[in-house]
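Colleague: here is a sequence together with a model predicted from it:
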Amino acid sequence: MISKTLQDALNEQINKELYSSYLYLAMSAWSEEKNLCGFAKWLRVQESEEREHAMKLYEHQLDRGGRVELKAIAAPTTPWKSALDVFKTVLSHEQEVSASINSLYELALREKDYPAQVLLQWFITEQVEEEKNAAQIVQQLQLIEERGTAVLMLDHQLGKRAKE
Ligand code: FEO
């Protein structure tokens with residue numbers, strides 16, 4: 001049986017993943033308003049991955065006899081000044097999520113909860129990828145310094161993202 005402390009922490013993380021999904025959906029809407037449809041598509045794929053992350057935790061909680069408590073999801077702070085501003089926010093948000101997953105893993109270690117440790121190892125690996133992707137797009141946007149044609153080329157490239 002999963003401890004109450006870990007159950008509470010998992011419920012917090014479910015909320016953070018659902019907030020991530022909500023944040024990326026807001027960013028996708030902003031991008032589409034600016035006719036950056038490739039950025040919008042990339043962010044929609046990301047948004048759906050975040051819901052999957054929440055559901056992985058949700059299913060683990062229930063499989064272990066824990067109680068899922070869905071909390072209120074905060075409204076994302078909008079709007080953004082530019083595509084670079086959007087992706088800087090993505091990067092800092094993912095860094096916060098990584099720190100949160102790491103704390104959850106430390107808790108699972110202290111609690112000697114081996115199944116939760118295995119689950120969280122997947123998240124730790126996923127966060128490396130998430131931070132890498134966001135940092136790469138930030139660097140590309142910094143390189144092109146918001147020059148119109150180059151932003152459109154990157155928009156085209158990001159629009160090719162398919163769900164993994
Ligand atoms: Fe579910 Fe982007 O972390």
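Modeller: Structure's in. What do you need?

Colleague: could you say which helix or strand holds A74?
Modeller: Using DSSP states H and E, A74 sits in no helix or strand.

Colleague: contacts only, for it.
Modeller: Applying Cβ atoms under 8 Å, 6 or more residues apart in numbering, we find A74 in contact with 19, 22. (Each C-beta comes from the backbone N, C-alpha and C, glycine too.)

Colleague: pLDDT value on it, please?
Modeller: If you check A74, the pLDDT there is 97.

Colleague: and it, its phi and psi?
Modeller: phi -70, psi 150 (degrees, to the nearest 10).

Colleague: how much space separates it from the ligand?
Modeller: For A74, the distance to the ligand (Cβ to the nearest ligand atom, to the nearest Å) stands at 16 Å.

Colleague: that residue and E33: what is the separation?
Modeller: Using Cβ to Cβ, to the nearest Å, A74 is found at 21 Å from E33.

Colleague: buried stuff in the lowest-mean-pLDDT helix or strand in the chain?
Modeller: Using mean pLDDT, DSSP states H and E, the weakest-scoring helix or strand in the chain turns out to be helix 148-158, at a mean of 84. Judged by neighbour count using 16 or more other Cβ atoms under 10 Å, the buried positions of helix 148-158 are 151, 154-155, 158.

Colleague: from those residues, which single one is nearest Q121?
Modeller: Of all those, L158 has the smallest distance to Q121: 28.7 Å, by Cβ to Cβ.

Colleague: residue contacts, that closest one?
Modeller: Residues counted as contacts of L158 (Cβ under 8 Å, 6+ apart) are 38-39, 41-42, 137.
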